[in-house]
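Visitor: no FASTA, just this:
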């Protein structure tokens, strides 16, 4: 016998509708070149429904694909809801990817209509000869700023809004239908598509935004730093109307000066970003003697934040750092580290250095090389796998790539240790772990030890072939401005923090490290430079 409860599909349109009904006047702020936008969830809902009706008139409907090549603006936010609200699938193309990768993802998906904003029009013109199916481009700019362009069949976004139907009602359909398509960054080959569902995205946002996650409420103001094209902007476009949180959209600019201005002027209380963003902000504030206004907590993802950074934000600004683990294939964050509010500083730092515990709806385990589960004893490591309501089961149109194990767990490619209380510690990426003389060396732990040196601003470790030990670690470090650190000093510093046999035989110093679209160090690029003899002592 089924329970006697109503059956309402979990659709993304219901999230914006909830925001408009319950948090109608909560502000949405857009600040980007030439525009300063101040409206609210009620206004966003009206414009999204108008746009949805215009998309229908263009022949776009249930099951159709369309694309966006855009940054975090109010128009991109409206498009997320308008496209998915009519049952179409929005491919959020990543403008940070190399042009050939962007073209690949668009052509692989195959759709006619591409939305671009003021900051990506030039990129769209560059890509146009490579795009096989796109024959209609919508410029997401003010009507009076429609530029001259080499593109053909160009439409005005604001005309679509103006011509839209105020009486448009969101349709109902199966909550398991596809909603948004994101591609991986393609650091280990061609980008792979992850096709999210309405149900999974709504459930993931509910879980991630809750008390043991981002702990969001209508008392918060949140800035959208992660691109909407990267794991749905880490969930921020859905957190806002779902929890009644004021939303600040910075467009393309991500420099410390601009973000600091928005954080202070708009009374931001919670902000997500990769450690690179927060290390830069910390340095910016130190140099100018600035505070960070009402900011209470930052959410750091991508890689583990340095302990010194966590401590500095607590000591100098009273800001807590939350650290989470997730990937394109997990929709949003799958685990989050949360320390008790009354915990000692050392305990807070220790907690934030872990990847935390799974949010409700996620499960994690580790397995050995044969796929046999490894105990969660806080000591033994294994290949990390995940399972849950919003975890990818495969890649878009690539059934030949096995993402799941034989018993239905998703293989993440990470090496991890899990504590008895289910706290996750990422040890390494499977492709980055170093096997020296039959023993494993964690590049992540070695990097963390190096970056704790006050004279270093960044460090990374890669494996290099060794005739005796098979592989040995090589450390590449970037010095803080004005710092002087010798190889011998750095090796002595590491000797007090890692096993002696972990010490890198070679240490190189570089002016900067290459970073990919998501802020992670591109170790494959470094390996290529070393192989080509372009990076030496």
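Guide: Nice, thanks for sending it over. Bear in mind the structure is a predicted one, so any value in this text is a computation, not a measurement. Numbering: from 1, shown residues only.
Visitor: any idea which helix or strand of this protein has the worst average confidence?
Guide: strand 439-441 (a mean of 73; mean pLDDT, DSSP states H and E).
Visitor: Next SSE downstream of that one?
Guide: Sequence-wise, the next helix or strand downstream of strand 439-441 (DSSP states H and E) is helix 443-451.
Visitor: Can you name every helix or strand that that next one contacts?
Guide: On a contact count with 3 or more Cβ pairs under 8 Å, 6 or more residues apart in numbering; DSSP states H and E, helix 443-451 meets strand 424-429, strand 456-466, strand 470-479, helix 487-495. (C-beta placed from N, C-alpha, C; glycine too.)
Visitor: pLDDT of the strand or helix carrying residue 82, averaged?
Guide: Per DSSP H and E: residue 82 is located in helix 74-85. For helix 74-85, mean pLDDT rounds to 98.
Visitor: Check what contacts it and list those residues.
Guide: The contact list for helix 74-85 (Cβ atoms under 8 Å, 6 or more residues apart in numbering) reads 11-13, 15-16, 28, 30, 37, 39, 44-45, 47-49, 51-52, 55, 60, 66, 68, 70, 89-90, 92, 115, 117, 140, 157, 170-171, 179-180, 198, 228, 237, 247, 249.
Visitor: what about residue 62, distance to residue 87?
Guide: Going from residue 62 to residue 87 by Cβ to Cβ, to the nearest Å gives 4 Å.
Visitor: quick one: which of those two has more around it?
Guide: Applying other Cβ atoms under 10 Å to residue 62 and residue 87 shows that residue 87 carries more neighbours, namely 23 against 13.
Visitor: so that one makes contact with residue 56?
Guide: No. Contact criterion Cβ atoms under 8 Å: residue 87 and residue 56 do not qualify, at 10.1 Å.
Visitor: hey, what's in contact with both of these two?
Guide: Residues touching both residue 87 and residue 56 (Cβ under 8 Å, 6+ apart): there are none.
Visitor: hang on, the earlier thing: could you name every residue contacting both of residue 62 and residue 87?
Guide: 171, 173, 177.
Visitor: want to try a markdown table for these, with pLDDT and secondary structure as columns?
Guide: Shown next, in a markdown table, are the shared contacts of residue 62 and residue 87 (pLDDT from 0 to 100; DSSP: H, G, I helix; E, B strand; the rest coil):
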| residue | pLDDT | secondary structure |
| --- | --- | --- |
| 171 | 98 | coil |
| 173 | 98 | coil |
| 177 | 98 | coil |
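Visitor: Switch these over to TSV; also include distance to residue 205.
Guide: Formatted as TSV, the shared contacts of residue 62 and residue 87 follow (distance: Cβ to Cβ, whole Å):
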residue	distance to residue 205
171	21
173	19
177	17
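Visitor: Please check those residues and keep the buried ones.
Guide: Those of the shared contacts of residue 62 and residue 87 that meet the buried threshold are residue 177, by 16 or more other Cβ atoms under 10 Å.
Visitor: Skipping its backbone neighbours, what lies nearest residue 102 in space?
Guide: residue 93 (5.5 Å; Cβ to Cβ, 6 or more residues apart in numbering).
Visitor: mind checking how far residue 324 is from residue 299?
Guide: Taking Cβ to Cβ, one finds residue 324 at 7 Å from residue 299.
Visitor: now the angle from the helix or strand where residue 20 lies to helix 74-85?
Guide: Following DSSP H and E, one finds residue 20 within helix 12-22. Between helix 12-22 and helix 74-85, the angle comes out at 120 degrees (axes from the mean of the first three to the mean of the last three Cα atoms, to 10 degrees).
Visitor: got a list of contacts for the helix or strand following helix 12-22?
Guide: Of the helices and strands lying after helix 12-22 in sequence (DSSP H and E), the nearest is strand 27-32. Strand 27-32 is contacted by residues 36-41, 43-44, 71, 73-74, 77, 118-119, 240, 246-253, 262, 266 when judged by Cβ under 8 Å, 6+ apart.
Visitor: One more pass at 7 Å, please.
Guide: With contact meaning Cβ atoms under 7 Å, 6 or more residues apart in numbering, strand 27-32 is reached by 37-41, 44, 73-74, 246-252, 262, 266.
Visitor: Put together CSV for the helices and strands packed on helix 443-451, with distance to residue 334 on each row.
Guide: Output for those, formatted as CSV (distance: least, Cβ to Cβ, whole Å):
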stretch, distance to residue 334
strand 424-429, 9
strand 456-466, 24
strand 470-479, 28
helix 487-495, 31
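Visitor: Break this protein down into its structural domains.
Guide: 12-249, 359-429, 434-531 (automatic domain parsing).
Visitor: So which of those domains has the densest surroundings on average?
Guide: domain 12-249 (a mean of 20; mean count of other Cβ atoms under 10 Å).
Visitor: What is the end-to-end distance of it?
Guide: Domain 12-249 stretches 19 Å from its first residue to its last (Cα to Cα, to the nearest Å).
Visitor: Please state the offset of it from the chain centre?
Guide: Domain 12-249 sits 15 Å away from the centroid of its parent chain (Cα atoms, centre = their mean, to the nearest Å).
Visitor: what does stretch 277-295 give?
Guide: Using Cα atoms, centre = their mean, the offset of stretch 277-295 from its chain centre is 22 Å.
Visitor: Thanks a lot, see you next time.
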